[in-house]
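> Generate coordinates for the sequence data below:
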Amino acid sequence: MNHSREIKSFIFSQYFSDGLRITFGVLLPSLVFYNLNMLSVGLTISLGALCVSIADNPGPVVHKRNGMLFCNLFVFLTAILTGLINWNPILVGIEITVLCFLYSMFSVYGNRASSIGTAALLVMILSIDEDVVSASGAWEHSLYILSGGLWYTILSISLSQIRPYRLAQQALGECIKEIAVFVRIKADFYNLNTDHDDNYTKLVDQQILVHQHQDTVRELLFKSRLMVKESTGAGRLLILVFVDIVDLFEQAMATHYDYQAIRNTYGETNVLDGFNKVITKFSEDLENLSYFIISNENPERLHHYKTELEALKLSIDRLEEQEVSNLVLKKILINVRNMASRIRKIYSYYDNPQLSSVSVRSQEHLNKFVSHQDFDLKTLRENLTFKSSIFRHAIRVSLMCLIGFLVSKLFPFGHHSYWILLTILVILKPAFSLTKQRNIQRLVGTLCGGVAGALIIIYVKDQTALFVFLLFFMVGAYSFQRLNYIVSVLFMTPYTLILFSFLGENNLTVAQERIIDTFVGSFIALGASFFILPNWEYYHLKSFMREVLVANHQYLLNVADELTEKQLDITSYKLARKDVYVSSANLASAFQRMQSEPKSKQQNSKEIHKFVVLNHMLSSYIATLITNLQNADNTEINESHIKLIRKSLYSLSEIIRKMGGTDLKEVEIRYQGQTGDQEVTKDQYLLYEQLDYINKLISDIQKLVLP
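Just a heads-up that it's a prediction; the model follows:
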C-alpha cells in the first residue's frame with residue numbers, strides 16, 4: 001500500500017506535472033511541423049519552448065508570467081546576436097566571455113532571474129554552430145525561437161489559470177510530507193536504541209528541507225491576492241492549513257528537552273516508549289494528510305489519540321506515586337496533546353462546510369512573511385566586487401566557458417562539441433561542494449543513461465516503440481530535474497540519443513561523443529571550482545552564525561514578554577520564529593556544503609557542527625518555553641526568572657557584538673511581582689531549570705565562538 005501511495009503521490013505531484021507540461025510544450029511544435037515536412041523549423045520552435053521552460057519556476061502566476069516574458073526577451077536578443085556573429089570564432093569567443101559573465105550575475109536577483117540567465121546562455125551555446133542558423137538566417141531563426149518561447153508561456157499560464165490552486169496544493173502537500181519526516185525524527189529521541197548525536201544530525205538536515213518547502217509555499221500562497229480574496233474558500237483553506245502546519249512544526253520543536261537527561265531518568269519506565277509511539281503516529285497522520293492533499297482528495301485521519309494519551313497520563317501519574325519527579329513529562333505531554341489537537345483541527349477543515357466564512361489575515365499582513373526582491377542596478381553594483389561570491393562565480397563561468405569553447409575548436413571531439421560548454425554551464429555552481437555533487441551526478445547519469453540509450457537503439461528497431469521510449473524518457477528527465485538531478489540526467493541521455501536517431505545520426509558515435517564531452521566539461525568545471533577564485537564555505541560561515549544568533553535573540557525576547565506579562569504581538573512573534581527557521585536552515589546548509597569540500601578547507605569543522613547543534617537546541621528550548629508559558633494557566637514568575645532571562649539576552653547580545661554584529665537595542669525587563677522569601681512551586685522550579693538551561697546553552701555557544 002505504501003509503495004502504491006508513493007507512486008500515486010508522485011503522479012499527482014508538481015514534479016510530474018512539470019514533466020508532462022514541459023514535454024508537451026517542447027514536443028508538440030516538432031510533431032506538428034514534422035507532419036508539414038518542416039522538421040528543422042519545428043525543432044527550432046521546440047528549442048525556444050525548452051529555453052523558456054527553464055524559467056518556469058514554481059511561484060505566483062504573476063511572477064511566472066513576468067519571468068517567462070523577460071526570458072523570451074533575453075533569449076530572443078541572444079539568439080539574434082549569436083546568429084549574426086557565429087561565422088567568426090573570435091567574435092563568438094568574445095560573446096561567450098561577456099554574456100557568461102553578465103547572465104551569471106543575474107543570480108543576484110534570485111533563482112528566477114538566474115534561470116533566465118541560464119536559458120539565454122543555453123540558446124547561445126546551441127546557436128554557436130553556423131550550420132544551425134544558416135538554413136533560415138539569424139533573424140528567422142530567432143523569430144522561430146521566440147515563437148516557441150511564447151507558445152510555452154501561453155501554455156503554462158493557461159494551465160495555471162485552469163487550475164489556479166493546484167500548484168500551491170502540490171507544494172503544500174510536499175511541505176507537510178517533509179514535516180512528517182521531521183516529526184518522525186523527533187519521535188526517535190524517545191527511542192533508547194537511537195543514537196542521540198546521529199539523530200541530531202538528521203534533525204538539523206531535515207530542518208533545511210522543511211524550510212525550503214515552507215518558503216516555496218509562502219511564495220505561492222502569500223504573494224497571491226487570488227488566494228487571499230477568493231470567495232469560494234479554496235485559497236483560504238490552503239492558507240489556514242499552512243498556518244496551522246507551521247504552528248505544528250513549532251510544537252514539534254517545542255517537545256524538546258534534555259533528551260539525554262530524560263533517557264537517564266526515565267529510560268527504565270515505559271513512558272518514553274509511549275511518547276515515541278504517539279509522536280510516530282503524528283508523523284503517519286501527516287504523511288497521510290500529505291498524500292490526500294497532493295492527490296486532491298478529502299483526507300481521512302488514520303489515528304485517534306485519545307487512548308494513547310490517556311495511557312501516557314496514567315503512566316506519568318504512576319511515577320508520581322512512586323515519588324519520582326514527573327513534571328518534565330507532564331510538560332511534554334501538554335505539548336504532545338497540543339500537537340494532537342492541531343492535527344485534528346487541520347483535518348477538520350476538510351469537513352467544515354462553513355469554511356468560506358473563515359477569515360484570513362490581510363494581504364498586507366501576509367506579505368510580511370515572504371521575501372521581496374528589488375530589481376535595481378544598485379544591487380548589481382554592490383555585487384561587483386571580489387567579496388561577492390556571485391561575482392567570483394560569474395568570472396569563473398566566463399573564463400571556463402571560454403576555455404571550453406577553445407578546447408572544442410582546437411580538439412574537436414565530434415559534431416556536437418557544444419556539449420562541453422553545456423556541461424560546464426550546468427555543473428559549475430557558486431559553491432565547490434555543489435559543483436562536486438553535480439559533477440558526480442552528471443557523470444554517473446550520463447554514463448548509465450548512455451549505455452541504456454545505446455542498448456535501446458541497437459535492439460529496438462520499431463519507430464513507434466522508439467517514440468514511446470522518447471516520450472517516457474522526456475517526461476522522466478523533466479519530472480526529476482528539480483527532484484533528483486542524477487535521475488534526470490539518466491533519463492535525459494537516452495532521450496537525447498533517441499532524438500538524434502530520428503534525425504538519422506549514428507547513435508553509437510553520438511553516445512560516445514556525449515560521454516567524452518561530458519567528461520571533458522566535468523573536468524574543466526571541477527578544476528575551475530578548486531583553482532579559479534574558489535569560494536570556500538568557511539569564509540561565509542561567520543555571517544551565517546551571527547545571523548542565527550540575532551534571530552534567536554529576537555525569538556528569546558518573546559519569552560521575556562511572556563515573563564513580564566506584556567501583550568504578545570502575534571505577527572512579530574511569528575516573524576521572529578520564521579527568521580529562526582530561515583537562519584538555522586541557512587547555517588546548516590552552509591555547514592553541509594563545507595563538509596563536502598576538501599579536508600584542508602574544512603576549518604573548525606567539529607566546533608561549527610557543535611555550534612549548529614547548540615543553536616538548534618537553543619531555538620527548540622525557546623519554542624518549548626513560549627509554548628509552556630502560553631499554555632500555563634497561572635505560572636507565577638519570581639525575580640530569579642527575570643534575572644536569568646536578562647542574563648541570557650545580555651550574553652547573546654555580547655556574542656553578536658563581538659562577532660561583528662551591530663549593537664542590539666537594549667530592552668528593559670523589570671520584575672513585576674513581590675520581592676522577598678516566597679515558597680517555590682514545582683512549576684516555578686521547572687521554569688527556572690529551563691531558563692537556566694538556556695543560559696548554559698548560550699554560555700556554551702560563547703565558549704565556542706569567542707576566544
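> Three-state assignment for Asn288, please.
Reduced to three states with DSSP: H, G, I helix; E, B strand; the rest coil, the structure at Asn288 is helix.
> Please report the distance of the residue nearest to it when sequence neighbours are not counted from Phe292.
Setting aside the residues directly before and after it, Asn288 is nearest to Leu302 in space (C-beta to C-beta, 6 or more residues apart in numbering), at 5.0 Å. (Glycine included, C-beta is placed from N, CA and C.) Look at Leu302 and Phe292: by C-beta to C-beta, to the nearest Å, they are 11 Å apart.
> Repeat that for Met659.
From Met659 over to Phe292 the distance is 46 Å, taken as C-beta to C-beta.
> Compare the two (neighbour count), which wins?
In terms of neighbours (other C-beta atoms under 10 Å), Phe292 is the more surrounded of Met659 and Phe292; the figures are 18 against 15.
> Excluding covalently adjacent residues, which one is nearest to the more buried one?
Using C-beta to C-beta, 6+ apart and skipping residues adjacent in sequence, the residue nearest Phe292 is Pro299, 3.6 Å away.
> Following element in sequence after the helix or strand where Val52 lies, please.
Using DSSP states H and E, Val52 maps to helix 39-53. Downstream of helix 39-53, the first helix or strand assigned by DSSP H and E is helix 61-85.
> and that next one, which residues are buried?
By 16 or more other C-beta atoms under 10 Å, the buried positions in helix 61-85 come out as 61, 63-65, 67-68, 70-72, 74-76, 78-85.
> between it and helix 39-53, how many degrees?
Following axes from the mean of the first three to the mean of the last three C-alpha atoms, to 10 degrees, one obtains 130 degrees for the angle between helix 61-85 and helix 39-53.
> Please state the offset of the next helix-or-strand element following helix 61-85 from the chain centre?
Helices and strands here follow DSSP H and E; after helix 61-85, the next one along the chain is helix 89-104. Between the centre of helix 89-104 and the centre of its host chain there is 31 Å, according to C-alpha atoms, centre = their mean, to the nearest Å.
> Repeat that for stretch 154-171.
Distance of stretch 154-171 from the chain centroid (C-alpha atoms, centre = their mean) equals 20 Å.
> Stretch 433-449 now?
20 Å.
> Stretch 596-604 now?
Relative to the centre of its chain, stretch 596-604 is centred 24 Å away, using C-alpha atoms, centre = their mean.
> Output that stretch in PDB with nothing but the alpha carbons.
Taking only C-alpha atoms (Å, rounded to 0.1, in the frame of the first residue of the first chain), the coordinates of stretch 596-604 have been written out as PDB:
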ATOM      1  CA  SER A 596      31.800  18.200   1.000                       C
ATOM      2  CA  GLU A 597      34.800  20.400   0.500                       C
ATOM      3  CA  PRO A 598      38.500  19.100   0.700                       C
ATOM      4  CA  LYS A 599      39.600  18.400   4.200                       C
ATOM      5  CA  SER A 600      42.200  21.200   4.100                       C
ATOM      6  CA  LYS A 601      39.300  23.700   3.600                       C
ATOM      7  CA  GLN A 602      37.200  22.400   6.500                       C
ATOM      8  CA  GLN A 603      38.400  24.700   9.300                       C
ATOM      9  CA  ASN A 604      37.000  24.200  12.800                       C
END
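> got the buried residues for that stretch?
Under the neighbour-count criterion of 16+ other C-beta under 10 Å, stretch 596-604 has Glu597, Lys601, Gln602 buried.
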